[in-house]
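Q: Pasting the sequence and the predicted coordinates here, then a few questions.
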Amino acid sequence: MTTSSTDLGETIDAFVAAFNDPQPDLDRVMSFFAEDARYLPGHGPELHGLAAIRAEFAPQFAGRYGAMTFDVYDHVIDESRRRATIRWACRLDLTGTHGGRAFPPVRWFARIRYRGRLQWHGLDVFHFNAAGQITGKFTYATFRLPLWEQAS
């Protein structure tokens, strides 16, 4: 099956929705990736294969950063090259029960400095195979020293 640009946009929307679900499901997110996918997290190095990508995502799905959601500002779809880019804000909520499973230093810092809610911005470049699976996800953001700001 060949996926059109509309389908690529719908795939990206469904992928982001899986991250934003109030009961996030790591298996659902991983279903978007091809077996041999590559993932470059914002803090590097590049990871290869489903097991390595799953291990990288596991802490956020366990609530170790509080409630994490992504607001997508822009989509750019390149159908002929099977590419898509999204520009986003990642929002963390470490207030109340959301912060209960978070890493203590993250929780304390967020609560003291940002009243428990913070955000940063970045973009993801996605590569897709002909079946519409993600073969590459390359994240660019200020992860080493995020430009966190208080979220409204």
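A: Structure's in. What do you need? Quantities reported herein were computed from a predicted structural model and do not represent experimental measurements.
Q: quick one, longest helix in this protein?
A: Using DSSP state H, we find that the single longest helix of the chain is helix 5-20.
Q: ok, residues contacting it?
A: Helix 5-20 has contacts (Cβ atoms under 8 Å, 6 or more residues apart in numbering) with 3, 24-25, 28-29, 32, 68-70, 72, 75, 77-79, 82, 84, 86, 88, 126, 128, 132, 134. Just so you know, the C-beta spots here come from the backbone N, C-alpha and C atoms, and that holds for glycine as well.
Q: just stretch 47-67 next, same as before
A: Contact with stretch 47-67 is made by 22, 24-26, 29-30, 33, 35-41, 68, 92-95, 98-103, 106-107, 110, 116, 137, as judged by Cβ under 8 Å, 6+ apart.
Q: can you give me the strands in the chain?
A: Secondary structure of the chain (DSSP state E): strands at 33-40, 47-48, 67-78, 83-93, 117-128, 134-141, 149-150.
Q: quick one: which of those has the weakest pLDDT on average?
A: Note on the strands of the chain: lowest mean pLDDT is at strand 149-150, with a mean of 70.
Q: Just the buried residues of the contacts of helix 5-20.
A: 3, 24, 28-29, 32, 68-70, 72, 77, 79, 82, 84, 86, 88, 126, 128, 132, 134 (16 or more other Cβ atoms under 10 Å).
Q: Count the residues that sit near residue 136.
A: Residue 136 has 20 neighbours, counted by other Cβ atoms under 10 Å.
Q: pretty sure it contacts residue 127?
A: Yes: Residue 136 is within contact range of residue 127, at 3.6 Å (criterion: Cβ atoms under 8 Å).
Q: Now tabulate the strands of the chain in TSV and tack on distance to residue 12.
A: Formatted as TSV, the strands of the chain follow (distance: least, Cβ to Cβ, whole Å):
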stretch	distance to residue 12
strand 33-40	13
strand 47-48	20
strand 67-78	6
strand 83-93	5
strand 117-128	7
strand 134-141	9
strand 149-150	25
